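> I'd like to go over a predicted model; first the sequence, then the structure.
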Amino acid sequence: MTNIFALVLTLTMGIIGSSLAANEEMHPLPSILSDIERQIAELTINIEKISDRIKYLHEIPDSKDPLIQEVRNLDLRGWELHQEQWKVQRDGLRFTEKLLRKIQDHPDEKPEALQTWLGRLKEFKETMNDYRQHRAGIEVLRIESEVKLIEQYLR
């Protein structure tokens, strides 16, 4: 009797498991929303960590050496820019999450939601590209300043 019960239970769980997997493939929205929520949480934590780093950099006394001060200022600007970028990313995910939850309740609004999202996506990509370029410029300036600083102290 126990063997028959175990067999029936195994078959039932297999059928339920495969129907759940098939259902998730057909309707992946809960999984997508879960991933977005996780990403929002991770970004929020990272933004707070950067806030701590920025606070620390603000608390460091100014240096009399202009090159040291320049390196510190570039570090600070780089972290601030990185934080701004992550905030834009988090806001984009929040927008997407809200839009998907709306569609979950009103599936008939998918075409309008798609157009709204595609418009926002285009803007988001342009903004992220601007951030990348700006951050790359700051990184180059920082490296150049650091090289000057090291040369100064090695002479």
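Ah, there it is.
> just checking, what packs against the helix or strand residue 69 falls within?
Residue 69 is located in helix 66-105, with elements delineated by DSSP states H and E. If contacts are counted by 3 or more CB pairs under 8 Å, 6 or more residues apart in numbering; DSSP states H and E, helix 66-105 sits against helix 29-59, helix 110-154. Yep, even glycine has a C-beta here, placed from its N, CA and C like the rest.
> only the buried residues of it, if you could.
Judged by neighbour count using 16 or more other CB atoms under 10 Å, the buried positions of helix 66-105 are 67-68, 70-86, 88-90, 92-93, 96-97, 99-100, 103.
> likewise for stretch 132-151?
135, 138, 141-142, 145-146, 149.
> pLDDT and distance to residue 50 added to the residues you listed, as TSV?
Below are those laid out as TSV (pLDDT from 0 to 100; distance: CB to CB, whole Å):
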residue	pLDDT	distance to residue 50
135	94	13
138	97	14
141	96	19
142	95	16
145	95	21
146	94	21
149	93	24
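> shaky segments in this protein?
1-27 (pLDDT under 70).
> can you rerun that using 90?
Low-confidence segments of the chain (pLDDT under 90): 1-29, 153, 155.
> could you pull up phi and psi at residue 63?
Per-residue torsions, residue 63: phi -100, psi 150 (degrees, to the nearest 10).
> what about it, neighbour count?
Applying other CB atoms under 10 Å, we find 12 residues neighbouring residue 63.
> residues contacting it?
For residue 63, the contacting residues are 69, 72, by CB atoms under 8 Å, 6 or more residues apart in numbering.
> same check on residue 95?
Residue 95 makes contact with residue 120 under the criterion CB under 8 Å, 6+ apart.
> if I look at residue 91, how far off is residue 127?
Distance from residue 91 to residue 127, counting by CB to CB, to the nearest Å: 10 Å.
> before we move on, what about residue 71?
Distance from residue 71 to residue 127, by CB to CB: 27 Å.
> residue 32 too?
22 Å.
> with residue 76 instead?
21 Å.
> next one: residue 28
Distance from residue 28 to residue 127, by CB to CB: 27 Å.
> again with residue 79
From residue 79 to residue 127 the distance is 18 Å (CB to CB).
> same check on residue 98?
Residue 98 is 18 Å from residue 127, by CB to CB.
> residue 85 is in contact with residue 50, correct?
No. Contact criterion CB atoms under 8 Å: residue 50 and residue 85 do not qualify, at 10.0 Å.
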